[in-house]
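Chemist: Okay, predicted coordinates and the sequence, questions at the end:
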Amino acid sequence: MVTVTILLLVVACALPFVVSNYRTFQLTLVLVYAIALLGLNILTGYNGQISLGHGAFYALGAYCAAVLMDKANAPYWATVPVSAIVCLGAGFLFGLPALRLEGLYLALATFALGVAMPQLLKYHLLEPWTGGVQGITLTKPEAPFGLPLDPDQWLYFFTLAVTLVLFILGWNLLRGRIGRALVAIRDQHIASEAMGIHNALYKSLAFGVSAMYTGIAGALGAIAVQFVAPDSFNIFLSIIFLVGIVVGGLGSISGAVYGALFIQFVPNIADEVSKAAPWAVFGILMIVFVYLMPTGVAGALRLITAKRRAP
């Protein structure tokens, strides 16, 4: 397992030098989406709280980074922890009233959040900060210390470093006591309460940590795309995130990467197959994935590995 991880890391570091700048940009977005999907998986896959509004936290993180860079001339790297703190607080506060809601009711509440966020960003009192419908244009950072990397390559490595840190933190979090408590609440919330687990606290923290991961992804995404606008964060983004964790595998850390690859590259493949109806092709491919791999890509790979190890 360690050997495979090291090999994948070596391949990931070599990719920017063997592919075009556009492909490097796409791979950067894959890393960004992987962070967002891991955050959503913490909430939905591990804790069982369904969210249809995580695009709102992605937008919040993106605008935190964009406003700081545009209005305060903050360095791009400093905007990432600020976005994390803001989204952690926002997610925790949203999670408190959401404790009264479960299942479809929680999904509708988060759906309302996702629908409202683009309109809030267009609000005229916020226009001096958000740029209104015109959005904010950013400049892609150059490589520091004279490193022989172009901006796309440097941003890829910066995003890769942040991704590795967050995945290691996520792995430690979910494989420990907190992760077991989240799963216990998901599977049997009454029994978990009887065993002394503070359900309300853990569910609120799950919302906060999930929003923090998604906000960090939003900040990195804004820096990579070099532009933010309210219509870039519509409800469709939240639905795409949910599709990503289902295809990648619910309750799986590695599933976030598989889901990110799916939502980044499958729409491009669908567009190449049919220029007239690309989303119809995307829908068909999604159905095929779900039908063939009901536990997601990560679940299918675990099953294949288990069969190979069986005598």
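Modeler: Arrived safely.
Chemist: Quick check on V228: phi, psi?
Modeler: With angles defined as degrees, to the nearest 10, V228 sits at phi -130, psi 140.
Chemist: give the contact list for it.
Modeler: Residues counted as contacts of V228 (C-beta atoms under 8 Å, 6 or more residues apart in numbering) are A59, A62, Y63, A66, G135, I136, L138, A222. All C-beta spots, glycine's among them, are computed from the backbone N, C-alpha and C.
Chemist: again, but for A116
Modeler: Taking C-beta under 8 Å, 6+ apart, one finds A56 in contact with A116.
Chemist: hang on, it in a strand?
Modeler: No: under DSSP: H, G, I helix; E, B strand; the rest coil, A116 sits outside any strand and is assigned helix.
Chemist: now the strands for the stretch 1-150 of the chain?
Modeler: For the stretch 1-150 of the chain, the strands defined by DSSP state E, counting those that start in this stretch occupy 136-137.
Chemist: picking up where we left off before, for the contacts of V228, work out which two are farthest apart.
Modeler: Farthest-apart pair in the contacts of V228 is A59 and L138; separation 14.8 Å (C-beta to C-beta).
Chemist: related to what we said a few turns ago, now, which of the contacts of V228 lie within helices?
Modeler: Residues of these located in helices (DSSP state H): A59, A62, Y63, A66, A222.
Chemist: Which pLDDT value goes with the closest residue to the first one other than its chain neighbours?
Modeler: The one in question is A59. In this structure, A59 finds its nearest non-sequential neighbour in F233, 3.5 Å apart by C-beta to C-beta, 6 or more residues apart in numbering. Per-residue pLDDT puts F233 at 93.
Chemist: For F233, give me its contacts.
Modeler: G55, A56, Y58, A59, A62, M117, P118, L121.
Chemist: could I get those as a markdown table with neighbour count and distance to F282?
Modeler: Shown next, in a markdown table, are the contacts of F233 (neighbours: other C-beta atoms under 10 Å; distance: C-beta to C-beta, whole Å):
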| residue | neighbour count | distance to F282 |
| --- | --- | --- |
| G55 | 29 | 17 |
| A56 | 33 | 23 |
| Y58 | 34 | 20 |
| A59 | 29 | 22 |
| A62 | 29 | 23 |
| M117 | 24 | 24 |
| P118 | 20 | 22 |
| L121 | 26 | 26 |
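Chemist: so where's the stretch 151-300 of the chain shaky on pLDDT?
Modeler: Scanning the stretch 151-300 of the chain with the threshold set as pLDDT under 70 gives no residue ranges.
Chemist: hmm, try it at 90
Modeler: Scanning the stretch 151-300 of the chain with the threshold set as pLDDT under 90 gives 175-179, 182, 185-203, 251-252, 267-296, 298-300.
Chemist: in the protein, which spans are helices?
Modeler: 2-14, 21-41, 54-71, 76-98, 103-121, 127-130, 151-174, 177-187, 189-194, 199-225, 235-248, 255-273, 278-292, 296-309.
Chemist: and F157, how many neighbours?
Modeler: Number of residues near F157 (other C-beta atoms under 10 Å) recorded here: 17.
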